[in-house]
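J.: what's the 3D shape of this:
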Amino acid sequence: MVKDFKEFVARANVIDLAVGVIIGAALGKIVTSLVEGIIMPPIGLLLGKVDFASLFLVLAHSKGVPVSLADAKAKAIPVLAYGSFINVFVNFVIFAFVILLLLRIDTRLRK
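T.: Numbering: from 1, shown residues only. Predicted coordinates:
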């Protein structure tokens with residue numbers, strides 16, 4: 001069993017996959033920083049000084065009206081945090097675009 005495991009880990013595909021996962025995680029952090037720190041602030045400014053990360057919709061007013069998303073979470077008020085979803089969606093689109101570019105470069109280099 002141990003011998004089979006060593007052979008499995010020693011294969012190039014497993015090592016390539018591990019390197020890909022590590023690079024992907026690092027690239028994900030870079031893209032998140034790019035979106036949250038560089039892309040979304042100007043878009044928010046153009047749309048009337050909106051901070052997308054703090055956008056939410058209160059689902060139940062039984063415990064009062066929260067002044068912020070943090071206040072809603074502290075008071076356990078159910079909210080729809082759609083601003084966070086917008087940030088994550090933009091992260092995904094940019095990340096997918098970067099992966100597409102990397103795959104196109106890899107395809108050209110292999111030819």
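J.: make it CA atoms for all contacts and neighbour counts henceforth
T.: OK.
J.: all helices of the protein, in order?
T.: 2-10, 12-34, 40-46, 69-74, 82-110 (DSSP state H).
J.: and the longest one with helix 12-34, angle?
T.: By that I understand helix 82-110. Going by axes from the mean of the first three to the mean of the last three CA atoms, to 10 degrees, helix 82-110 is angled at 130 degrees with respect to helix 12-34.
J.: show me the contact partners of the worst-scoring helix or strand of the chain on mean pLDDT.
T.: Scoring the helices and strands of the chain by mean pLDDT, DSSP states H and E places helix 2-10 at the bottom, with a mean of 77. Outside of helix 2-10, the residues within contact range by CA atoms under 8 Å, 6 or more residues apart in numbering are 14-15.
J.: got the angle for it vs helix 12-34?
T.: Interaxial angle, helix 2-10 versus helix 12-34 (the same axes, to 10 degrees): 50 degrees.
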